[in-house]
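>>> What shape does this take:
(2 chains)
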Protein chains: 2
Amino acid sequence: MKHLNTQQADFWPQLKTLLAFETAQDPQIDATVAAICADVQQRGDAALIEYTNRFDGMAAQSMAELTLSQTDLQQAFHRLPETVQAALQTAAKRIETYHRHQKQESWSYRDADGTLLGQQITALDRVGIYVPGGKAAYPSSVMMNAMPAHVAGVGEIIMVVPTPKGERNDIVLAAAYVAGVTQVFTVGGAQAVAALAYGTDTIGQVDKITGPGNAYVAAAKRRVFGVVGIDMVAGPSEILVIADGSTPPEWVAMDLFSQAEHDEIAQAILIATDEGYLKSVQAAMQRLIAEMPRRAIIEASLHNRGAMILARDLDEACAIANFIAPEHLELSINNAAAWADKIRHAGAIFMGPYTSESLGDYCAGPNHVLPTSRTARFASPLGVYDFQKRSSLIEVSAAGAHSLGQIASVLAHGEGLTAHARAAEMRLQAKA
Amino acid sequence: MKHLNTQQADFWPQLKTLLAFETAQDPQIDATVAAICADVQQRGDAALIEYTNRFDGMAAQSMAELTLSQTDLQQAFHRLPETVQAALQTAAKRIETYHRHQKQESWSYRDADGTLLGQQITALDRVGIYVPGGKAAYPSSVMMNAMPAHVAGVGEIIMVVPTPKGERNDIVLAAAYVAGVTQVFTVGGAQAVAALAYGTDTIGQVDKITGPGNAYVAAAKRRVFGVVGIDMVAGPSEILVIADGSTPPEWVAMDLFSQAEHDEIAQAILIATDEGYLKSVQAAMQRLIAEMPRRAIIEASLHNRGAMILARDLDEACAIANFIAPEHLELSINNAAAWADKIRHAGAIFMGPYTSESLGDYCAGPNHVLPTSRTARFASPLGVYDFQKRSSLIEVSAAGAHSLGQIASVLAHGEGLTAHARAAEMRLQAKA
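Okay, the predicted model is just below:
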């Protein structure tokens, strides 16, 4: 891990270098994805089946073989050990409870002249959830994507998940069951994204696609954006821990590991105000690393992108956090809630010694799909609000048309838009 | 205008053809924009001044010559006739009142075991508003983009507006004054977008860029998306009017004109249930067209993309509206509010005979930046929520860590993420 000190003259340039991450898109992947998307748009199910057979080692003859029903999901759930069933259900319940707080309701008000103004808030009709297959099979990701759509009241939640060589993952399908997914298709890659975006005879066109995927999936999502909505295309996962020394060093060490174990480009940074504490965490990491099955990934991640930063005080640490705008921020400090008021940019703020990021990843309630790569400056966690949209409501009364029409007329003439002005002026006659 | 009838066998294919609009990006524009963005990112103000001099016919030596202060904006306001000043102020006040209803507040709750969960909602630090210069100078656009940011509590609202050959537009600058813009730079094009996205010595890096622009501006916004947030890249403007025959045909005719006068690719569609009414509107259009200074644009727009549709009944008309998901929907019908309940997808719903779209464009209160090209299926009007973002808040109690830790441990082991599991398990000891 790199060691930085805010008192070094070149601290800020060093920090910027540490955070820099090139997300350039690969033109060859883009070209491949463009061809697949065009083909699926044109030939629908036939193209989808061909690509699925080719890329996922399948031999499907029809979409029926690539379709799972509610019963299939239910059966997957019941095949799991009871402890896992219970964990999924409790997590789903907590995630649902939290997300219900995000649901927005239509509103309106009337002016004194009777004019009504407001917003009608409705759920999306149909959404697609992309779930990666193979070894990186994450039931928590299914729940975190599907549950906000479910709480929003989305009519149909379509999940796609590739099953390379036909291998289905019971815990992923069980998560779909508890999270209220309507239907699952065992397809993946750019072809699955295209099928959701344009629709086929079997798969209805969706209004939005969310969920993580590889470079092909990300490129396909970028390509269909505009035809459908998409969530953010995520960068590498990150954690920033600010510690005042009051949390056991082993706990902080394991929190850094839990970020680093995601992949070699994940980023784990610790800021403390006491050099002795940084050394204790480092010593704890050295003791604990041997227990880690994903040791090689953790070591690569910490070596490539990890850092320990010695700051003057907690105010300076918060200023650094606001610059980094981290996906995950742990305030492992006394009176953390008061310090959280100083944080302007972070995907999620984990406060106090007991709040490990992993509790938030699975079951605390908040969403684990969070803005990465400094985008917390302007973006938010995935939420119910991503599956609702708004229509402005305006009903102008006769008296309202009289007063508003005069203003609109002046401004429309100012913009040289005569028809706009005349449309307003025609309604002036109608004074109540 | 085309004439469609829902009883024709090929009605839906015809409707789809009518709505189709190719938004392919021009690779040559993309390449030019990529070079400009890279240059501004690298050389900052120097590059920005060079491009501004070259593309806008200016001869600026320094950024000071391209910077307007609050005093400049105030002076522009005071040079306007009093009726225009008053119209701007009344419109701004109404827009502000409406948008205050959209402002979201932080929330949190506690579990029985003391665990705190919530969301901290904050404004963006600094945003950029792009305003086109030249002939298409729209003060209403300044207000509709800046006011939601102002109501959200954004710290700095930076506006960029090109001033070709140095020509400044007082009403645009006055609109910036009443809408709470912090500072104005008289630059435009891809170079202005790049300066906002990356920051220069003079222009602070913003967190989000909104506002309309030409193909170069749109390409630049797409390019910097991810570095900063952007609003939707808008397609051609559209109106769908559903009329039951109770509104004077002249009013509806002028509403169709007011959409068509925007440009040749704008789309105006009328649905009615009575053929005689469609004919009356057509006759009114023939009478009124002579009065229109933008007659050529209106005629081209209506010829290319306009349509009159005869529907069986209002239920069918609403079903068509939900398919089209129009930017602007006028329900020019009796008891319009009841019918609005059947509308699932529309940017804005204008109800009743007095509610011309133009009242909404300028001063009713709701935003006139609306989702186009069927994106109202998943997108919303520009609003205060576009200038706020959320951070999840989690503070787990000792007791909470005990109960949640067991669930997280089961699920983390299920995903093969041992460090995640261990981080949760370490906190189990700490049972309160």
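
>>> per-domain residue ranges of chain A.
A:2-22+A:235-364, A:27-104+A:122-230, A:396-430 (automatic domain parsing).

>>> Quickly find the element holding the most centrally placed residue in chain A.
The centroid of chain A falls nearest to A:V369 when counting by CA atoms, centre = their mean (3.2 Å). Secondary structure assignment for A:V369, by DSSP states H and E: no helix or strand.

>>> Quick check: phi and psi at it.
phi -90, psi 110 (degrees, to the nearest 10).

>>> what's near enough to touch the residue nearest to it when sequence neighbours are not counted?
Nearest residue to A:V369 in three dimensions, chain neighbours excluded: A:L382, at 3.7 Å (CB to CB, 6 or more residues apart in numbering or on different chains). Yep, even glycine has a C-beta here, placed from its N, CA and C like the rest. Residues near A:L382 by CB atoms under 8 Å, 6 or more residues apart in numbering or on different chains: A:144-145, A:148, A:210, A:231, A:367, A:369-370.

>>> A:V84 sits in which helix or strand?
Using DSSP H and E, A:V84 falls in helix A:82-100.

>>> So which elements touch that helix?
helix A:70-79, helix A:139-152, helix A:170-178, helix B:398-414 (3 or more CB pairs under 8 Å, 6 or more residues apart in numbering or on different chains; DSSP states H and E).

>>> Can you give the contact residues for the longest one?
Read it as helix B:398-414. Helix B:398-414 has contacts (CB under 8 Å, 6+ apart) with A:83-84, A:87-88, A:90-91, A:139-140, A:171, A:354-356, A:358-359, A:361-364, B:111, B:113-115, B:396, B:418, B:420-421, B:424-425, B:427-428, B:430-432.

>>> Just the buried residues of these.
The neighbour-count test (16 or more other CB atoms under 10 Å in any protein chain shown) marks A:84, A:87-88, A:90-91, A:139-140, A:171, A:354-356, A:358-359, A:361-364, B:111, B:115, B:396, B:418, B:420-421, B:424-425, B:427, B:430 as buried among those.

>>> What segments of the stretch 151-300 of chain A are helices?
Per DSSP state H, counting those that start in this stretch, the stretch 151-300 of chain A carries helices over the ranges A:170-178, A:189-198, A:215-224, A:249-260, A:275-288, A:295-305.

>>> Indicate which one of the ones you listed is closest to chain B.
helix A:249-260 (3.9 Å; CB to the nearest CB).

>>> Tell me what angle that closest one forms with helix A:275-288.
Angle of helix A:249-260 versus helix A:275-288, following axes from the mean of the first three to the mean of the last three CA atoms, to 10 degrees, is 70 degrees.

>>> Shouldn't A:G128 be within a strand?
Yes: counting by DSSP: H, G, I helix; E, B strand; the rest coil, A:G128 is located in a strand.

>>> surely it meets A:V154?
No: judged on CB atoms under 8 Å, A:G128 makes no contact with A:V154 at a distance of 10.4 Å.

>>> Show me which of the two is the more surrounded one.
More crowded of A:G128 and A:V154, by other CB atoms under 10 Å in any protein chain shown: A:G128, with 28 against 24.
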